[in-house]
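>>> Here is a sequence with its predicted model. Questions after.
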Amino acid sequence: MLRFTLLRAGHAVVVLLGVTVVVFALVHLVPGDPVRVALGTRFTQESYDALRAASGLDQPLLTQYVQYLGSAVTGDLGVSFRTGQPVTTILLERLPATVSLAAAALVIALVIAFPLGVFAATRHGRASDTVVRVASQAGVSVPDFWLGIMFILLFSVTLGWLPPSGYVPLTEDPLEWARRVAMPALAVGLVSGAILTRFVRSAVLESLGSDHARTARAKGLRARVVLLRHVVRNALVPVVTVIGVQAATLLGGIIVVEVVFAWPGLGRLTYDAVAARDYPVLQGSVLLVAALFLLVSFLVDVLYGRIDPRISAR
Amino acid sequence: MSASTSAWRLLLRSPVAVAGLGALGLLVVLALLGPVLVPYGANAVDVTRALQPPSGAHWFGTDDLGRDVLSRVVLAARASLQVSVVSVSIALVLGVALGLVAGYFRGWADAVAMRVVDVLFAFPVMLLAIAIVAVLGPGLTTAMIAIGIVYVPVFARVTRASVLGVREEPYVRAAVAIGAGPLRIIRTHVLPNVTAPIIVQTSLSLAFAILAEAALSFLGLGIQPPEPSWGRMLFDGKGFTGSWWMSVFPGLAIFVTVLAFNLVGDGLRDVLDPRQRSVLESRRDR
């Protein structure tokens, strides 16, 4: 198990190094001079020279990369072209909003996916199974940001139940946070729930047809016990990976929904950085999200190895 | 009966896949004949008719500039389909080539190709697409390149996994034994035998490419005005919450298109995946 964990950790570090190369390259692929482009109409020779020196862009390319990597390891991701604030500070300010939205969405997704997926699998081929399959297919096909706009039209504009946008930290006012997070979390959670439902259904279906489930039924266990103790538990193994991938995707993939709901998370930050050509912030948020993605994937791999010892024994 | 004819017949037995194919057929017709079918031009501005709800004259209502929403929804189909087809073609060509080389040659080529794929996989799809567009500048072409690049890893992995199985088959070993070169073996023996999962992946990727294009255009990074696009229409509608029709219809168009590609992709998987296929055929025999 330790060897497996170390191997996975080594792999994650190698991929993370590759990620830093891509993120570093981003700013160098900008046609023209990124500092000149970022300054736009605010250009003066003094501000240009100062920003260029501050961002290290006057150094040779390899030196720049080594410096970037060295600084990134110590948590220094440069300063914003726009505000002059350290990028790390900006990212840490925005992280809680994204994490709380992603967590709420994931909870909604799981609450939908498990009962529906298990229900559909146990009624394989019947009308109720078809209804769940069609509904989950529809859920996978709907753009989450459009669903968000529809919720605003219904719950805010028509019914006046919920505020259409804005954010209140969970630690400040949990009730108000819940009112604000409800619509974006539901929009994202319904789509994620539809994706997960399909996986839960197929995993439970496969587990239902396996030898251990047949043995459990043959020795006279009640259907409910077979389902909960033998079928669902074994079906969890492949589902854990998909949940991990969903969690990681939610952390970095709710950009458009954050824009729709003016939710001040990493997605909204990335969008604003693109609009303002604030490359250090764009680089920082892309790097942070990719690193979080790799961390979650690594944790899922290790968890997977613990749940199913056959994986780590390979 | 050839394998492809039999697969096609099986696909047509699935009502859900047929519904998807029908919707896609209709979309292609709208995309091709849109300009002659619609009652108004995409940019026929008439501020005296701004923000009118759906009526006999304007079935989907009008937007803030008095443009006909139905006409714009129909005319936007072409650009959306174009972006998804071109971007998935880019992903298909690059990803399949990468997967073939990695899976067939193994060794360092495989190691390097798969690490590149791992790195690309570490970025959430939309984030990477936005970052690429941010660097290359917004627009139709860069949106196609960006969406194409982010789907390369999926095709590379799917192809490689299939190639790993096929390269051990007796007919490939026989080809090696008679001295056939690797390029010829890949072209005549490997590629034709790994197409099934690639076809399924293509259909599903077209669906996600439509979603990605809509998201990019919503953010102002994809198709640029005045060319109509479903994503941008949603963005414009967001400022006019009293005029629900500006947001509902473009979104429905995205939803139906994505659903159609997904239904066809699912149908293809049932037909082309041998295990699923035996299930389908056993049902038919009953």
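Everything's here; your move.
>>> helix, strand or coil for B:Tyr40?
Following DSSP: H, G, I helix; E, B strand; the rest coil, we place B:Tyr40 in the coil state.
>>> any idea how far it lies from A:Val274?
Distance of B:Tyr40 to A:Val274, computed by Cβ to Cβ, to the nearest Å: 33 Å. (C-beta placed from N, C-alpha, C; glycine too.)
>>> So these two - more neighbours on which side?
A:Val274 (23 against 19; other Cβ atoms under 10 Å in any protein chain shown).
>>> which residues touch the closest residue to A:Val256 other than its chain neighbours?
Once flanking residues are discounted, A:Val256 sits nearest to A:Phe145: 4.1 Å by Cβ to Cβ, 6 or more residues apart in numbering or on different chains. For A:Phe145, the contacting residues are A:187, A:256-257, A:259-260, B:215, B:218, B:234, by Cβ atoms under 8 Å, 6 or more residues apart in numbering or on different chains.
>>> tell me which residues in the one helix or strand A:Thr130 maps to are buried?
Secondary structure assigned from DSSP states H and E places A:Thr130 in helix A:127-141. Using 16 or more other Cβ atoms under 10 Å in any protein chain shown as the test for burial, helix A:127-141 gives A:129, A:132-133, A:136-137, A:139-141.
>>> Let me see the mean pLDDT of the very next helix or strand once past that helix.
Later in the chain than helix A:127-141, the nearest helix or strand by DSSP H and E is helix A:144-151. Helix A:144-151 comes out with an average pLDDT of 96.
>>> Name the spans of the stretch 101-250 of chain B whose pLDDT lies under the cut-off.
Filtered on pLDDT under 70, the stretch 101-250 of chain B yields no residues whatsoever.
>>> who in it is up against chain A?
Residues of the stretch 101-250 of chain B found near chain A (Cβ under 8 Å from any Cβ of the partner chain) are B:115-116, B:118-120, B:122-128, B:130-131, B:133-137, B:207, B:211, B:214-215, B:218-221, B:234, B:237-238, B:241-242, B:244, B:247-248.
>>> Please list only the buried members of those.
B:116, B:118-120, B:122-128, B:130-131, B:133-136, B:207, B:211, B:214-215, B:218-221, B:234, B:237-238, B:241, B:244, B:247-248.
>>> In helices, which of those residues appear?
Residues of these located in helices (DSSP state H): B:116, B:118-120, B:125-128, B:130-131, B:133-136, B:207, B:211, B:214-215, B:218, B:234, B:237-238, B:247-248.
>>> From the chain's centre, how far out is stretch A:173-180? Work that out for me.
When distances are taken as Cα atoms, centre = their mean, to the nearest Å, stretch A:173-180 is centred 22 Å away from the chain's centroid.
>>> List the buried residues in that stretch.
Using 16+ other Cβ under 10 Å as the test for burial, stretch A:173-180 gives A:177, A:180.
>>> again, but for stretch B:164-173
For stretch B:164-173, the neighbour count (16+ other Cβ under 10 Å) marks B:164, B:166-167, B:172 as buried.
>>> Quick check: chain neighbours aside, which residue is closest to residue 196?
Using chain A here. A:Ala113 (3.5 Å).
>>> Wait, chain B was what I had in mind.
Closest to B:Ala196 by Cβ to Cβ, 6+ apart is B:Leu272, at 4.0 Å.
>>> contact partners of stretch A:86-93?
Applying Cβ under 8 Å, 6+ apart, the external contacts of stretch A:86-93 come out as A:75-80, A:83, A:266, A:269, A:280-281, A:283-285, A:288.
>>> Narrow these to those in helices?
A:266, A:269, A:280-281, A:283-285, A:288.
>>> Please identify which pair of those lies farthest apart.
The span of those, defined through Cβ to Cβ, is set by A:Leu266 and A:Pro280 at 14.6 Å.
>>> okay, these two: which has more neighbours?
Using other Cβ under 10 Å, the more surrounded residue of A:Leu266 and A:Pro280 is A:Leu266, with 29 against 23.
>>> Hmm, the more buried one is touching A:Ala290, no?
No. If you go by Cβ atoms under 8 Å, A:Leu266 and A:Ala290 don't touch, sitting 11.4 Å apart.
>>> if we can go back for a sec, check the buried residues of helix A:127-141 against chain B, which are close?
Among the buried residues of helix A:127-141, the ones lying near chain B by Cβ under 8 Å from any Cβ are A:137, A:140-141.
>>> thinking again about what came up before, okay if I get the buried residues of stretch B:164-173 as JSON lines plus secondary structure?
Converted to JSON lines, the buried residues of stretch B:164-173 look like this (three-state DSSP):
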{"residue": "B:Leu164", "secondary structure": "helix"}
{"residue": "B:Val166", "secondary structure": "helix"}
{"residue": "B:Arg167", "secondary structure": "coil"}
{"residue": "B:Val172", "secondary structure": "helix"}
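>>> between those residues, which is closest to A:Val296?
Nearest member of the buried residues of stretch B:164-173 to A:Val296, counting by Cβ to Cβ, is B:Leu164, at 27.0 Å.
>>> residues of stretch B:44-59 that come out buried?
Within stretch B:44-59, the residues that count as buried by 16+ other Cβ under 10 Å are B:44, B:49, B:51-52, B:54, B:58.
>>> What of stretch B:95-106?
B:95-104.
>>> Phi, psi for B:Asp68 please.
Main-chain dihedrals, B:Asp68, degrees, to the nearest 10: phi -70, psi 120.
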